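Q: any chance you can model this:
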Amino acid sequence: MAEAAYFPQPRRLLKLIGMAAAMLLAGCQGVIPRGAPPSKAPPPAERPRPAPGALPEDQMRNRVALLVPLTGPNAGVGQSIANAANLAIIDTGGARVRITTYDTAPGAAAAAAHALADGNRLILGPLLSEDVRAVAPAAKAAHVPVIAFSNDVEVAGDGVYVLGFSPAQAIDRVVNYAASKGMTRFAGLMPTGLYGRRASNALIKSAEAAGGTVVSLQTYDRTPKALAAAIAKLGAGQGYDALLIADGGRIALQAVPLIRKHGGAGAQIMGTELWNTEPSLNQSPAMKGAWFASVPDARYNQLAAKYRARFGKGPYRLASIGYDSVLLTVRIAADWRPGDPFPARRLFDKGGFAGVDGAFRFRGDGTAERALAVQQVGPGGFTIVSPAPGSFGE
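A: Residues are numbered from 1 along each chain as shown. Below is the predicted model of the structure:
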C-alpha cells in the first residue's frame, strides 16, 4: 500500500469544496506547587512503534482506501488514478481525509481485507467490475461503502456506488440530440459481447423514447471480414438517418469509409464515450461531422497539464475519476467526524456534485448520472455542439 502525500496549500480551482480546515494545537504545561522541593523530571514515556506496514495513529482524519491496480497489465491506469487522487488531496488541503492506496492486482478481495483491517471507512475503487464483485461482500459486512470506478451498472447497489462512465447514458444523450435535429430512423453497429448487447438495448430504448425506431442492428466480432459483412447487411434493409457505432475510435476509422460506400452515404455517424480518447478521429476526412456524447474536457485538460508538470508525463483519461472521487469525499468529510461511519446518504444530494468531469449525482440505484456534452469530430479537433448542463436542478 502507498500513503498519499498531504501538503496543505491554499485552495484553488474548487468551488466544489467551499470549506476550510484548521488544526488547533494546544499544549499543557505542568506546574510545581509552591514550597515543594524541585524534583527530577521522569524520563519521557516511550511510545510504542507501529507494526511494520501498519497505518500510523491518526485521530484527526477519516481513513479512506483507494483500491487500484499498481502492478500487472492495468498498472499504468491504476497509477494514473492514484496520482490524480493525490493531486486532489493537495489541491483541497484534505485535512480531514487520509488516502491509502492498495494494489488490487494480486487480488482485489485481499486488498479490501487489508483496507478494512486498517480501519478505512470508505473504499474508492476498484476499477474492474469483477474486482468490485470480489470486494463488495466484505465491505458490506463491515458497513463500508464502495464508490467503484467501473462502468458496469450491474454491480451497483447494496452499498456499491458506480462512478464510472455509463455507455447507456452516452447513447441516450447522442440519440436525443439526433432526434432534436429531426432524425427518427436509427441503425446500430455493435461488437459481440456484453458491451455490445448493452449498447444495443440502450439504442433501442433511447430511440423509442425519442419517438424514433431502430431499423437495422448488426453485430461483428472485430475482424475486418466480420465488420465488412455487418456493414453490408446494414445497407441491405431500409435506409437510416443516423448510425451508432458502439465501439472505440479505431473500429470507427475502419468502418465509416465502408459505411459511406454501402448504403450510408448521407447518414449521420454517431459514437459513444469511447471516442473521447481517440484524437486520431480528427485526422480522417470520413469522420468529419460525426457526433459522440461524453463528459466535457475543459477541466480535464487543466488537470492533465497539472499532472504533467508534477509527474513528468500525461495521465490516462480515467485519471479524472480518481480526482473526482477524492473531491466528493473531501466535500462530504466536512461533516464526517473521524471514526464515524461514512455518511452515505450524502451521496444522494439532489443538486449533485461538480468535478473535473462536470456535474454528476447518484441515483437511487447507486449509479452516477452525469451531465454530458455532445461533441463533433472535425479537422480542428473535437468541438462541442451541445454543451453539458453545469449542474442539476432540484
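Q: need the contact list for the most centrally placed residue in the chain.
A: The residue lying closest to the centre of the chain (Cα atoms, centre = their mean) is I321, at 3.2 Å. I321 is in contact with I81, F149, L163, G164, D357, counting by Cβ atoms under 8 Å, 6 or more residues apart in numbering. Placement of C-beta: from N, CA and C, glycine included.
Q: where does it fall, helix, sheet strand or coil?
A: Of the three states, I321 takes helix under DSSP: H, G, I helix; E, B strand; the rest coil.
Q: and the gap between it and R346?
A: 19 Å (Cβ to Cβ, to the nearest Å).
Q: helices of the stretch 51-200 of the chain, start to end?
A: 75-92, 108-117, 129-141, 167-180, 194-209 (DSSP state H, counting those that start in this stretch).
Q: now render these as CSV, adding mean pLDDT and mean neighbour count.
A: Below are these laid out as CSV (pLDDT from 0 to 100; neighbours: other Cβ atoms under 10 Å):
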stretch, mean pLDDT, mean neighbour count
helix 75-92, 97, 23
helix 108-117, 98, 20
helix 129-141, 98, 19
helix 167-180, 97, 22
helix 194-209, 96, 18
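Q: picking up where we left off before, including distance to P338, could the contacts of I321 go into JSON lines?
A: Formatted as JSON lines, these follow (distance: Cβ to Cβ, whole Å):
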{"residue": "I81", "distance to P338": "24"}
{"residue": "F149", "distance to P338": "25"}
{"residue": "L163", "distance to P338": "23"}
{"residue": "G164", "distance to P338": "28"}
{"residue": "D357", "distance to P338": "28"}
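Q: buried subset of those residues as a ChimeraX selection?
A: In ChimeraX, this line selects whichever of the contacts of I321 come out buried by 16 or more other Cβ atoms under 10 Å:
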select :81,149,163,164,357
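Q: which one of the contacts of I321 is nearest to L227?
A: G164 (26.6 Å; Cβ to Cβ).
Q: ok, the closest one touching N151?
A: Yes - counting by Cβ atoms under 8 Å, G164 touches N151, with 3.6 Å between them.
Q: show me what contacts T272?
A: Taking Cβ under 8 Å, 6+ apart as the test, what T272 contacts is P167, A170, I171, V174, A199, L244, I245, A246, D247, F292, A293.
Q: actually L127, sorry about that
A: Contacts of L127 (Cβ under 8 Å, 6+ apart): L67, V68, P69, N74, V77, G78, I81, T104, F149, S150, L318.
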